[in-house]
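In: Just need the structure, nothing else, for what follows:
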Amino acid sequence: MKNIKILALLVSAFFLLNFNHQASEVFAQNSKKPFSIKDNFLKLDSSKGQLFQISTEKSKIRFYVYRAGFLASLGHNHVISTPKFEAFCFLGNLLEDSQCTLGLKLEDLEIDNPQHRQIAGADFSSQPSKDDINGTREHMLGADNLQADQFPHLIIKTGSITGKTPEINASIIIELHGQTFTYPIKAQLTKNIDELQLKGSFSIKQSDFGIKPFSALGGVLAVQDEIKITFDLIAYKVNS
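Out: Below you'll find the model as predicted:
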């Protein structure tokens with residue numbers, strides 16, 4: 001009986017240690033483990049299409065966040081941009097074989113660049129102070145919103161792609177805040193020798209990803225759930 005008890009303790013210890021090890025691996029994959037999009041695209045069959053890298057300098061991605069609530073006039077709408085990201089597109093010989101993936105660190109997002117606000121139009125004519133911008137960043141990345149310490153990455157990739165260029169239909173898969181959600185979109189895809197352009201717009205909801213939009217004073221000052229995303233991506237052929 002004594003030997004049976006010892007064996008049971010050893011088995012329990014093994015499963016406990018194994019569970020903790022697996023949990024640590026999952027946590028690393030979901031939060032801290034660096035990822036490389038390029039490595040996955042380099043594995044694709046080059047005989048079935050061409051590989052392009054999306055330029056961070058030439059491309060424009062904007063997230064437009066709008067104020068809400070009875071005292072909305074006291075707040076600001078926000079423009080969030082992406083000065084740093086890694087992104088690749090594989091343009092298949094058959095359009096349905098094409099795919100794109102973009103990844104970035106949430107901490108690299110830029111909030112309320114004055115030039116971007118000016119281009120965005122009248123809804124963004126005010127300019128938040130430096131303290132306002134810092135406060136917005138702190139809340140956005142913090143425990144009550146994106147929880148960037150736990151979920152540091154935003155991944156955007158294509159699912160199905162149909163249609164005939166330049167007008168295409170695509171499903172966009174977004175991985176954010178530990179959640180994955182798919183959106184149908186329409187976009188324009190054009191190719192000129194060694195250059196590719198993909199542009200369009202769509203909207204998402206923060207609540208789709210389990211994120212509670214900012215709200216204060218019982219909701220009289222708040223942020224809308226819906227966020228508009230626009231993209232104009234320029235990509236250049238990767239020489240093998």
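
In: now the strands: where do they sit in this protein?
Out: 49-54, 60-68, 78-81, 86-92, 99-105, 110-111, 153-164, 167-176, 179-192, 195-205, 215-216, 221-237 (DSSP state E).

In: Present those strands as JSON lines; the columns should include mean pLDDT.
Out: Output for those, formatted as JSON lines (pLDDT from 0 to 100):
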{"stretch": "strand 49-54", "mean pLDDT": "96"}
{"stretch": "strand 60-68", "mean pLDDT": "95"}
{"stretch": "strand 78-81", "mean pLDDT": "97"}
{"stretch": "strand 86-92", "mean pLDDT": "97"}
{"stretch": "strand 99-105", "mean pLDDT": "96"}
{"stretch": "strand 110-111", "mean pLDDT": "98"}
{"stretch": "strand 153-164", "mean pLDDT": "96"}
{"stretch": "strand 167-176", "mean pLDDT": "97"}
{"stretch": "strand 179-192", "mean pLDDT": "96"}
{"stretch": "strand 195-205", "mean pLDDT": "97"}
{"stretch": "strand 215-216", "mean pLDDT": "75"}
{"stretch": "strand 221-237", "mean pLDDT": "94"}
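
In: I'd assumed residue 91 was in contact with residue 49.
Out: Yes - between residue 49 and residue 91 there is a contact under C-beta atoms under 8 Å: 5.3 Å. (Each C-beta comes from the backbone N, C-alpha and C, glycine too.)

In: neighbour-wise, which of these two wins?
Out: Set side by side, residue 49 and residue 91 show more neighbours around residue 91, with 23 against 18, by other C-beta atoms under 10 Å.

In: Give me the distance between the spatially most central residue of the chain and residue 87.
Out: In the chain, the C-alpha nearest the mean C-alpha coordinate belongs to residue 154, at 3.1 Å (C-alpha atoms, centre = their mean). Using C-beta to C-beta, to the nearest Å, residue 154 is found at 11 Å from residue 87.
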